[in-house]
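Colleague: sequence and computational prediction follow.
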Amino acid sequence: MDRDLISIITPAYNCSLYILDTIKSVQSQTYQNWEMIIVDDCSKDSTVEIIKNEAEKDKRIKLIELSKNSGAAIARNTAIQNAKRKYIAFLDSDDLWYPEKQVAFMQENDIAFSFTSYRIINEDGTETDKIINVPKEIDYKGLLKNTIIGCLTVMLDVSKLCLVQMPNIRTRQDTALWLSILKKGYKAYGIQEPLSKYRKVKGSISSNKLKMAKQNWRMYRDLEKLNVIYASWCFVNYAWNALKKNF
């Protein structure tokens with residue numbers, strides 16, 4: 001196992017319009033010591049064929065096909081379980097990366113958890129002027145009241161964190177993982193420069209703000225076991241911060 005290898009975790013489902021651009025953005029990174037583990041969740045379009053074609057040309061790309069549709073959490077955990085990693089990074093099948101600077105940031109500062117600012121792009125890939133700016137650091141209590149960590153920007157040093165696994169919930173499984181890490185006393189450190197591009201796709205799970213808000217509440221109560229009063233306080237702050245982030 002290469003001690004500096006980055007394992008890139010990518011769940012895929014019916015993403016034939018975007019997956020090639022996502023792969024190309026990884027291949028264009030200045031840091032080339034990576035493997036990209038793409039787990040297909042029973043796509044019904046040409047996603048698998050596109051991935052297989054690219055994997056034949058670049059052995060760093062690895063495809064795993066699930067036997068039944070299982071959701072993003074199981075797809076990501078399957079990739080994590082098959083990773084050879086020291087570092088784990090997350091990139092969804094419709095998002096993109098700018099050239100890599102994050103590994104050096106983590107190595108120079110000896111940290112376990114980093115995230116970055118990111119730019120919003122339209123469904124057709126055109127860039128907008130909207131940038132989600134992040135703080136220099138955030139802890140457990142801070143993240144309970146926020147949605148500032150974009151999954152596509154996260155990099156983890158697994159040699160410091162040991163077990164990394166997302167809970168099997170429909171949405172917010174990434175935030176639940178971040179909270180489980182920060183709850184142990186770690187902090188997440190932000191790079192205040194957009195290093196990723198988040199694609200806003202109509203009809204995606206993350207585009208349904210009401211459902212996301214309901215899931216966030218369930219996460220407070222069921223996973224984090226917060227009492228009603230503190231959960232309500234966190235929820236009000238979460239809603240306000242989400243509103244500021246999206247407008």
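Modeller: Sure, I can see it. Only a predicted model underlies this, so the values are computations on that prediction, with no experimental measurement involved.
Colleague: low-confidence regions, the protein specifically.
Modeller: 1-3, 203-208, 246-247 (pLDDT under 70).
Colleague: list the contacts of the residue nearest the centre of the chain.
Modeller: By Cα atoms, centre = their mean, the chain has its centre lying nearest to residue 151, at 2.3 Å. Residue 151 makes contact with 90, 92, 174 under the criterion Cβ atoms under 8 Å, 6 or more residues apart in numbering. (Each C-beta comes from the backbone N, C-alpha and C, glycine too.)
Colleague: in this structure, which strand is the longest?
Modeller: strand 188-199 (DSSP state E).
Colleague: which residues in the chain form strands?
Modeller: Using DSSP E, the strands of the chain run over 6-12, 34-40, 61-65, 87-90, 96-97, 113-121, 127-132, 137-138, 155-157, 188-199.
Colleague: let's have these in CSV, adding distance to residue 239 and mean neighbour count.
Modeller: Below are the strands of the chain laid out as CSV (distance: least, Cβ to Cβ, whole Å; neighbours: other Cβ atoms under 10 Å):
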stretch, distance to residue 239, mean neighbour count
strand 6-12, 27, 26
strand 34-40, 32, 24
strand 61-65, 36, 18
strand 87-90, 24, 24
strand 96-97, 28, 23
strand 113-121, 19, 21
strand 127-132, 16, 13
strand 137-138, 17, 18
strand 155-157, 27, 23
strand 188-199, 20, 20
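Colleague: as a markdown table, the ones you listed with distance to residue 79 would be great.
Modeller: Shown next, in a markdown table, are the strands of the chain (distance: least, Cβ to Cβ, whole Å):
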| stretch | distance to residue 79 |
| --- | --- |
| strand 6-12 | 4 |
| strand 34-40 | 4 |
| strand 61-65 | 7 |
| strand 87-90 | 9 |
| strand 96-97 | 16 |
| strand 113-121 | 18 |
| strand 127-132 | 24 |
| strand 137-138 | 25 |
| strand 155-157 | 13 |
| strand 188-199 | 18 |
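Colleague: which one of the ones you listed lies closest to residue 18?
Modeller: strand 188-199 (6.8 Å; Cβ to Cβ).
Colleague: if we look at stretch 45-64, which residues are touching it?
Modeller: By Cβ under 8 Å, 6+ apart, the surrounding residues in contact with stretch 45-64 are 12-16, 19-20, 23, 27, 34-40, 65, 78-79, 82, 93.
Colleague: which helix is the longest one in this structure?
Modeller: Counting residues, the longest helix found in the chain (DSSP state H) is helix 228-246.
Colleague: doesn't residue 214 make contact with residue 171?
Modeller: No: using Cβ atoms under 8 Å, residue 171 is not in contact with residue 214; the gap is 9.1 Å.
Colleague: so for these two, which residue has more residues nearby?
Modeller: residue 171 (20 against 13; other Cβ atoms under 10 Å).
Colleague: number of residues surrounding the residue nearest to that one when sequence neighbours are not counted?
Modeller: Of all residues not flanking residue 171 in the chain, residue 215 sits nearest, at 4.5 Å (Cβ to Cβ, 6 or more residues apart in numbering). Counted with other Cβ under 10 Å, the neighbours of residue 215 add up to 20.
Colleague: cool, and residue 243?
Modeller: 10.
Colleague: next, work out how far apart it and residue 26 are.
Modeller: Using Cβ to Cβ, to the nearest Å, residue 243 is found at 32 Å from residue 26.
Colleague: from residue 180, how far out is residue 187?
Modeller: Per Cβ to Cβ, residue 187 is found 14 Å from residue 180.
Colleague: a markdown table for the contacts of residue 151, including distance to residue 209?
Modeller: Listed next are the contacts of residue 151 as a markdown table, based on distance: Cβ to Cβ, whole Å:
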| residue | distance to residue 209 |
| --- | --- |
| 90 | 21 |
| 92 | 18 |
| 174 | 16 |
